[in-house]
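K.L.:
the sequence and its predicted three-dimensional model are supplied below.
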Amino acid sequence: MVRVMDGFYSGRRVLITGHTGFKGAWMCLLLAQAGAQVLGYSLDPPSAPSLFALTGLDTNPPAGLSSLHADILDLPRLTRAVAEFAPDVVVHMAAQSLVRPSYSDPAATIAANVQGTAHVLEACHQAPPKSGQRRAIVVVTSDKCYENREWVHGYRENDRLGGHDPYSASKACAEIVAGCFAKSFFPAETVAVHGTVLATARAGNVIGGGDFATDRLVPDMARAFARGEAVHIRRPGAVRPWQHALEPVSAYLLLARRMLEEGHRFAGGWNFGPSSRDVRTVGEVSARFAKLWGPDAHLDLNQGGEQGPHEAGLLTLDCAKAHALLGWRPRLNLDAALIWTCGWYKAWAEGKGDLCALSNTRITEFFDE
């Protein structure tokens, strides 16, 4: 049992969209320890290998986890799933989650991230909680939903939404869609009638064992180092807020808990990012990861300026709202997160150990910090 949950999620029904993804698989493992009843709704894992497969969530799922492999763009199927499962909590994470691929297929990115979000919320609208019950919906977007002005200070929840690239724009649109549903169908003043509380969550760059996406810093390094190859670092000067995946995943569940307990006070947008000390450049993070990996890790730092499509140079979050109202703060600093992450990938690369057991140990240690 995860002690920080205090038994709150034991037996509670949680629907996770995108549960086969990186953060989704960590959430499944966490909720299994917490004793929840989980329905995952997702396409197949977005990469091979994947955390979902390597921890046995596909072939040997823990008690309480069921998987439905389906598309959030299939509204009738999604609505049936919500109606039949009757979740207490919905965490919507299904998405096209990468900036650079969004340039290759912007229409599919927008369909998944905007129309997909509308479908999840419409399914919850068509299949509401039973009379007298309450449902919390957490729509996970991104720190990239803000109009990036390259500010040195962090973005707050009431700053302007925007997006230069198709991915960022799609996440800003998902925020607008969520706000529309909140006002039109789940207004705070009538929560006693419709029973639904809706929030959005915006997290920074996540790291942690089991991410195998392409064009992502840590997975690219782990794959290259495992093959004994140097990895090319495109934008070593770019500044990002780095955090272990368990930070936002646990924050989403804390937010959902407060929404169920106290209602509309916790609706709206929320930032979940690391402390200012852990806002570092890509070059710093890659150098630290390479040092942890060992002498056979080699970096090729891009000294010739930006190559390829536009990506933000500076992006940080102001999380004062979550600190003050939720009592949430990061549990791991960046050094600890990198040590855990590198250790996981080394175990994978060397074929040593049970990756499910290692991941569950990290969850236990995370809440013991």
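P.N.:
Nice, thanks for sending it over. Residues are numbered from 1 along each chain as shown.
K.L.:
show me where pLDDT drops low in the stretch 201-350 of the chain?
P.N.:
Within the stretch 201-350 of the chain, the segments meeting pLDDT under 70 span 302-314.
K.L.:
90 instead, please
P.N.:
Residue ranges of the stretch 201-350 of the chain with pLDDT under 90: 204-205, 214-215, 232, 234-241, 263, 276-277, 279, 296, 300-316.
K.L.:
ok, which stretches of it are strands?
P.N.:
Counting by DSSP state E, counting those that start in this stretch, residue ranges of the strands within the stretch 201-350 of the chain are 205-207, 230-233, 239-244, 268-272, 279-281, 298-301.
K.L.:
packing partners of the last one?
P.N.:
When contacts are defined as 3 or more CB pairs under 8 Å, 6 or more residues apart in numbering; DSSP states H and E, strand 298-301 packs onto strand 230-233, helix 282-293. In this view, the C-beta of every residue, glycine as well, is placed from N, C-alpha and C.
K.L.:
and the ones you listed as a markdown table, adding mean neighbour count?
P.N.:
Output for the helices and strands packed on strand 298-301, formatted as a markdown table (neighbours: other CB atoms under 10 Å):
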| stretch | mean neighbour count |
| --- | --- |
| strand 230-233 | 17 |
| helix 282-293 | 18 |
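K.L.:
make TSV out of these and add distance to Asn60.
P.N.:
Formatted as TSV, the helices and strands packed on strand 298-301 follow (distance: least, CB to CB, whole Å):
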stretch	distance to Asn60
strand 230-233	33
helix 282-293	29
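K.L.:
Ala136 is nearest to which of those?
P.N.:
helix 282-293 (33.1 Å; CB to CB).
K.L.:
so what touches that closest one?
P.N.:
217-218, 221, 225, 231, 233-240, 242, 297-299, 301, 334-335, 338-339, 341-342, 345-346 (CB atoms under 8 Å, 6 or more residues apart in numbering).
K.L.:
emit the ChimeraX select command for whichever of the residues you listed are buried.
P.N.:
The ChimeraX selection below is limited to those of those classed as buried (16 or more other CB atoms under 10 Å):
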select :217,218,221,225,231,233,234,235,236,238,239,240,242,297,299,301,334,338,341,342,345,346
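K.L.:
on that earlier part again, now tabulate the strands of the stretch 201-350 of the chain in TSV and tack on distance to Leu57.
P.N.:
Listed next are those as TSV, based on distance: least, CB to CB, whole Å:
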stretch	distance to Leu57
strand 205-207	18
strand 230-233	28
strand 239-244	19
strand 268-272	23
strand 279-281	31
strand 298-301	32
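K.L.:
quick one: which of those is nearest Leu326?
P.N.:
Smallest distance to Leu326 across the strands of the stretch 201-350 of the chain (CB to CB): 7.5 Å, for strand 268-272.
K.L.:
that older thread, closest one to Leu255 among the helices and strands packed on strand 298-301?
P.N.:
helix 282-293 (26.6 Å).
K.L.:
could you tell me the angle between the closest one and strand 239-244?
P.N.:
Here the directions of helix 282-293 and strand 239-244 differ by 40 degrees (axes from the mean of the first three to the mean of the last three CA atoms, to 10 degrees).
K.L.:
what ranges does the protein have for its helices?
P.N.:
Along the chain, the stretches classed as helices by DSSP state H are 22-34, 51-54, 75-85, 99-104, 106-110, 116-126, 166-184, 191-194, 217-226, 246-262, 282-293, 320-321, 334-350, 355-368.
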